[in-house]
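J.: pasting the sequence and the predicted coordinates here, then a few questions.
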Amino acid sequence: MSIGIVVFPGSNCDRDVRWALEGCLGLPTRFLWHGQADLGDVDAVVIPGGFSYGDYLRCGAIARFAPLLAAVREFAAAGGPVLGICNGFQVLTEMGLLPGALTRNARLHFICEPAPLLVHPGNCGWLGAYAEGERIVLPIAHGEGRFQCEPDQLAALEANGQVVLRYANNPNGSVGDVAGITNAEGNVLGMMPHPERAADPSTGGLDGQRLLTSLRAWVS
Amino acid sequence: MPLFRARVQVSLRPSVLDPAGEATRAAAARLGVGGLRKLRIGKAIDLELEADDRATAQSQLELLSDRLFANPVIENWSLELLEDGGERPA
């Protein structure tokens, strides 16, 4: 099994994700440069946090056109597990794999703090290790994490059980307290919190570790 | 090939909160201008485009506006095709 980690110019959590998956959990990884056209034989894809292409124009707006992401789109359409963390979530919404958009935090501050979250796993494969309604804490670190969509879109997401991660304290003003959403099929997850920063007791708990380890049962 | 000049205005949809605009409005009040009831910040993108004709330029600029410059989930855009620049000088 191998997990592909997408690397854009400006990605800065790619090595953190590798450290969490490989260093902490022993799951093999491979970096996937944005300019390459295919994914190779990876079993899952993680789009990590950072500032792809300097976040120019809008967060994730330029990354969407990277050659690699055409392959990610096909991989996701075939049911492959895709996880977008922070900037990766922004990329997934810009490329239309997930609905909505991530906008400037309501009070403008870059927020870097542990965020209490409620998990509603539904059919999301990435969250199979969590119980419905479970409360966990994951670090957030973003300036543009306020989830935005029209009320009817939010109602549809809620009705389908696609709002899988909610803030308990809504630090950034997201509609519906949305911290993470999945696609209807449950194989694509976008989330602003950083599970890779909670995969070792020395760096803020283990609540993110289960998200990453669930992959092992899911794809094998 | 003729050169066309254009300006695309990108603005947040009315339903989307504009925290930067609100902060700027607060700053305007500190500067003594207290009557601002609305301040929304958008982007203006100036372009020069070579195209076969005006209709082609129009359709290419619409494509760019809709697919790249603006995110229709949160933003509206308007396109102004300013003038035909005529043949590009050699």
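T.: Nice, thanks for sending it over.
J.: checking A:His156 next. Helix, strand or coil?
T.: His isn't right for residue A:156; it's Ala. Secondary structure, DSSP: H, G, I helix; E, B strand; the rest coil: A:Ala156 is helix.
J.: show me which residues of chain A sit near chain B.
T.: Residues of chain A found near chain B (CB under 8 Å from any CB of the partner chain) are A:57-58, A:61, A:93-94, A:99-101, A:103-108, A:146, A:148-150, A:173. The C-beta positions use only the backbone N, C-alpha and C, and glycine is treated the same way.
J.: what's the span of stretch A:40-54 from first residue to last?
T.: Stretch A:40-54 has an end-to-end distance of 27 Å (CA to CA, to the nearest Å).
J.: oh, that last question was meant for stretch A:168-183, not what I typed.
T.: Using CA to CA, the two ends of stretch A:168-183 sit 22 Å apart.
J.: now chain A against chain B: closest residue?
T.: Relative to chain B, the nearest point of chain A is A:Ala101 (4.3 Å; CB to the nearest CB).
J.: which residues does that residue bridge with?
T.: Note on A:Ala101: beta-bridge partners by DSSP bridges are A:Gln148.
J.: contacting residues around it?
T.: Counting by CB atoms under 8 Å, 6 or more residues apart in numbering or on different chains, A:Ala101 makes contact with A:93-94, A:147-149, B:71, B:73-74.
J.: out of those residues, who's the most crowded?
T.: Of all the contacts of A:Ala101, A:Phe147 has the most neighbours under the rule other CB atoms under 10 Å in any protein chain shown, reaching 29 neighbours.
J.: look at that residue and report its pLDDT.
T.: Model confidence at A:Phe147, given as pLDDT, is 98.
J.: quick one: which of the residues of chain A next to chain B sit in helices?
T.: Of the residues of chain A next to chain B, the ones assigned to helices by DSSP state H are A:93-94.
J.: drop anything exposed from the residues of chain A next to chain B.
T.: Buried members of those, counted by 16 or more other CB atoms under 10 Å in any protein chain shown: A:57-58, A:61, A:93-94, A:99-101, A:103-106, A:146, A:148-150, A:173.
J.: can you give me the helices for the chain?
T.: All of this refers to chain A. A:14-18, A:67-77, A:87-94, A:151-159, A:209-219.
J.: wrong one, chain B
T.: B:19-30, B:54-64.
J.: mean pLDDT lowest for which of the ones you listed?
T.: Among the helices of chain B, helix B:19-30 carries the lowest mean pLDDT (a mean of 89).
J.: quick check: the nearest residue to A:Leu27 once chain neighbours are set aside vs A:Gly205, distance?
T.: Among residues not flanking A:Leu27 along the chain, A:Leu21 sits closest, at 4.5 Å (CB to CB, 6 or more residues apart in numbering or on different chains). Using CB to CB, to the nearest Å, A:Leu21 is found at 17 Å from A:Gly205.
J.: between the two, who's got more neighbours?
T.: The neighbour count for A:Leu21 versus A:Gly205, taken as other CB under 10 Å, is higher for A:Leu21 (22 against 17).
J.: can you list the residues that contact stretch A:62-72?
T.: A:6, A:8, A:32-39, A:45, A:47, A:52-53, A:56, A:82, A:87, A:91, A:94-95.
J.: return the set of buried residues in it.
T.: Those would be A:62-64, A:66, A:68-69, A:71-72, for stretch A:62-72 by 16+ other CB under 10 Å.
J.: what is the neighbour count of A:Pro193?
T.: Here the number of neighbours of A:Pro193 (other CB under 10 Å) works out to 29.
J.: confirm for me that it is in contact with A:Asn172.
T.: No. Taking contacts as CB atoms under 8 Å, A:Pro193 lies outside contact range of A:Asn172: 11.1 Å.
J.: can you list residues touching both of the two?
T.: A:Ile140.
J.: can you list the residues of chain B near chain A?
T.: Listed as neighbours of chain A in chain B under the rule CB under 8 Å from any CB: B:15-20, B:23, B:68-69, B:71, B:73-74.
J.: may I ask which two of these are separated the most?
T.: Farthest-apart pair in those is B:Ala23 and B:Leu68; separation 27.0 Å (CB to CB).
J.: coming back round to it: need the winner for burial among the helices of chain A.
T.: With neighbours taken as mean count of other CB atoms under 10 Å in any protein chain shown, the helices of chain A reach their highest mean count in helix A:87-94, at a mean of 29.
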